[in-house]
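> sequence and predicted structure, then a few things I'm wondering about:
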Amino acid sequence: MKKRVLQFIGSFNQGGSERQAIALSRLLKNEGSFEVFAATLSNEGILRAEIDEIGLPAIPEFPLTSFYNANFVKQVRACAKYLKENQIDLIHTHDFYTNVFGMAAASMANVKARIASKRETGGMRSVRQDMVEKFAFGRANTIVVNSESVVNYLKVRGIPATKIHLIYNGLDTERFNITLNDRAGFLQKYLLPEDDGIRLITLVANLRHDVKNIPMLLRAATAVLASDTTAHFVIAGEGGLKDGLQAMAIELGIGNNVHFIGRCSDVPELLTNSYACVLTSTAEGFSNAILEYMAAAKPVVATNVGGASEAIVHDRSGYLINSDDDGSLAVHLLDLLGDPSKAARLGAEGRRIATSSFSESTQLQQTVQLYESLLR
């Protein structure tokens, strides 16, 4: 009989952790070694349709309002009951909230194999939240991380090295190997300018947390546009920070060249229509966006945080800059805008690295090996 493994996903909003968890569920189901289940804290989000297409058993929801009230205890008990009734052998949680909730439920249900995840190096959680998550890590057999920088971060926090397991994010790179067919139609869909001379500089990120540091891009855009008005900046993502960032763009006098397109369901096509891409985060684990930029053969200018340096080779596939250094961001973007052949060369090298080093097949193989070792 196949062992039963459960992927615990926070929600189905379009975030990096959510997309990785759904992709892993699909890979595991197709690989066939395990019977795959999924659970969530919230059924909301555009990615719900994607996981439904995989054909998993019904996905239960355990909604939370807080970690510190009676509802949390109620939901943990309900989840533990679900885990027992479905004879789950291994639980794999994928972010802060599912780490805390899932490890509590797995402990109550006596699930023997428990895997938590850590995908960032700090800056997103309060001291109290960090303490709660560290307690959850204590209940896990293994913590999967996605970069060497996260390995080092956890060691500094006192997590035993023997408990940390590095598996890089995987990416279906062929999704980004597409040919431009209807550029005008795509630009019209997202209300982007259609002039032939316009070049799109793109950032894909959620607008829910200051850690993405979108103001850095807006300040750099101001400097770039002072020298090159062919650049238009596209920010693809949704969240509560959007209105304030739009107001900042208008205040800086660049509102006509900065486009907040919200949730984008056509990321491969967006990147294919882009000239270069950026990441401005102050903290990351291993950015899915960077891999997507590289898979789309676009040169990347990224802050040197998290695992960025484990993907980007400076001056060969893109540029690494200091966190919050909008001056360097502007200089490198102007360099790329002024030298299209160099931009294409860096993009091609990025595509080669993404295809050879960050494939879904490698991620799947390492995950299956980890699961089998724990289940033994």
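On my side now, so go ahead.
> distance of the closest residue to residue 288 other than its chain neighbours relative to residue 293?
Take residue 288 and drop its neighbours on the chain: the residue closest to it by C-beta to C-beta, 6 or more residues apart in numbering is residue 16, 4.0 Å away. Quick note: C-beta positions are derived from backbone N, CA and C, even for glycine. From residue 16 across to residue 293, the span is 13 Å (C-beta to C-beta, to the nearest Å).
> can you give me the buried ones in the helix or strand where residue 21 lies?
Assessed by DSSP states H and E, residue 21 sits inside helix 16-31. Along helix 16-31, these residues count as buried under the neighbour rule (16 or more other C-beta atoms under 10 Å): 16-29.
> just give me the closest of those to residue 323.
Residue 323 lies nearest to residue 16 out of the buried residues of helix 16-31, by C-beta to C-beta, at 18.4 Å.
> these two touch, right, that closest one and residue 119?
Yes - look at residue 16 against residue 119 with C-beta atoms under 8 Å: they come within range, at 7.1 Å.
> ok, which stretches of the stretch 201-350 of the chain are strands?
231-236, 258-262, 276-279, 300-303, 318-321 (DSSP state E, counting those that start in this stretch).
> nearest residue to residue 153 other than its sequence neighbours?
Leaving aside its chain neighbours, residue 153 sits nearest to residue 121 (4.3 Å; criterion: C-beta to C-beta, 6+ apart).
> and the gap between that neighbour and residue 307?
If you measure residue 121 against residue 307 using C-beta to C-beta, the figure is 9 Å.
> between these two, point out the one with more neighbours.
When neighbours are counted by other C-beta atoms under 10 Å, residue 121 and residue 307 differ, and residue 307 comes out ahead with 26 against 23.
> which ones are touching that one?
Residue 307 sits next to 146-150, 168, 284-287 when contact means C-beta atoms under 8 Å, 6 or more residues apart in numbering.
> and the nearest residue to it once chain neighbours are set aside, what pLDDT?
Across the structure, with C-beta to C-beta, 6+ apart as the measure, the residue nearest residue 307 apart from its sequence neighbours is residue 147 (2.8 Å). As predicted, residue 147 sits at a pLDDT of 90.
> neighbours of residue 147, just the number please.
When counting by other C-beta under 10 Å, one arrives at 25 neighbours for residue 147.
> isn't it right next to residue 164, touching?
No - taking C-beta under 8 Å as the contact criterion, residue 147 and residue 164 are not neighbours in contact, 11.3 Å apart.
> and the contacts of the longest helix along the chain?
Longest helix in the chain by number of residues (criterion: DSSP state H): helix 340-357. Identification of contacts with helix 340-357 by C-beta under 8 Å, 6+ apart yields 168, 171, 173, 275-276, 291, 293-300, 311-313, 316-318, 335-337.
> buried residues in it?
Within helix 340-357, the residues scored as buried using 16+ other C-beta under 10 Å are 343, 346-347, 349-351, 353-355.
> mind putting these in JSON lines, pLDDT and distance to residue 51 included?
Rendered in JSON lines, the data for these read as follows (pLDDT from 0 to 100; distance: C-beta to C-beta, whole Å):
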{"residue": "343", "pLDDT": "98", "distance to residue 51": "36"}
{"residue": "346", "pLDDT": "98", "distance to residue 51": "35"}
{"residue": "347", "pLDDT": "97", "distance to residue 51": "31"}
{"residue": "349", "pLDDT": "97", "distance to residue 51": "34"}
{"residue": "350", "pLDDT": "97", "distance to residue 51": "29"}
{"residue": "351", "pLDDT": "96", "distance to residue 51": "28"}
{"residue": "353", "pLDDT": "94", "distance to residue 51": "29"}
{"residue": "354", "pLDDT": "93", "distance to residue 51": "24"}
{"residue": "355", "pLDDT": "90", "distance to residue 51": "25"}
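> start to end distance for stretch 281-300?
Counting by C-alpha to C-alpha, to the nearest Å, the length from the leading to the trailing residue of stretch 281-300 is 13 Å.
> mean confidence (pLDDT) on it, please.
Across stretch 281-300, pLDDT averages out at 92.
> again with stretch 8-28
Stretch 8-28 comes out at a mean pLDDT of 92.
> same check on stretch 316-336?
For stretch 316-336, mean pLDDT rounds to 97.
> on that earlier part again, can I get the very next helix or strand once past the helix holding residue 21 as PDB, trimmed to CA atoms?
Remark: after helix 16-31, the chain's next helix or strand is strand 35-40, criterion DSSP H and E. Once non-C-alpha atoms are left out, strand 35-40 reads as follows in PDB (Å, rounded to 0.1, in the frame of the first residue of the first chain):
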ATOM      1  CA  GLU A  35      -1.000   8.800  -2.300                       C
ATOM      2  CA  VAL A  36      -1.100  12.600  -2.200                       C
ATOM      3  CA  PHE A  37      -3.500  14.700  -0.100                       C
ATOM      4  CA  ALA A  38      -3.700  18.400   0.500                       C
ATOM      5  CA  ALA A  39      -5.200  20.700   3.200                       C
ATOM      6  CA  THR A  40      -5.500  24.400   3.600                       C
END
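> next secondary structure after strand 35-40?
Scanning forward in sequence from strand 35-40 by DSSP H and E, the next helix or strand is helix 48-52.
> how far off centre is that next one?
Its chain's average C-alpha position is 17 Å from that of helix 48-52, according to C-alpha atoms, centre = their mean, to the nearest Å.
> what's the helix or strand following it packed up against?
Along the chain past helix 48-52, the next helix or strand (assigned with DSSP H and E) turns out to be helix 70-85. Counting by 3 or more C-beta pairs under 8 Å, 6 or more residues apart in numbering; DSSP states H and E, the packing neighbours recorded for helix 70-85 are helix 96-109.
> dump the helix holding residue 21 to CSV, keeping only the CA atoms.
Backbone C-alpha positions of helix 16-31 (Å, rounded to 0.1, in the frame of the first residue of the first chain) are rendered in CSV as follows:
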residue,chain,number,x,y,z
GLY,A,16,5.7,31.9,-4.2
SER,A,17,5.2,29.4,-1.4
GLU,A,18,1.7,28.6,-2.7
ARG,A,19,2.8,28.0,-6.2
GLN,A,20,5.7,25.8,-5.1
ALA,A,21,3.4,23.7,-2.9
ILE,A,22,0.8,23.2,-5.7
ALA,A,23,3.5,22.4,-8.2
LEU,A,24,5.0,19.8,-5.8
SER,A,25,1.6,18.3,-5.3
ARG,A,26,1.2,17.9,-9.0
LEU,A,27,4.7,16.4,-9.4
LEU,A,28,4.2,13.9,-6.6
LYS,A,29,0.8,12.8,-7.9
ASN,A,30,2.2,12.2,-11.4
GLU,A,31,5.3,10.5,-10.1
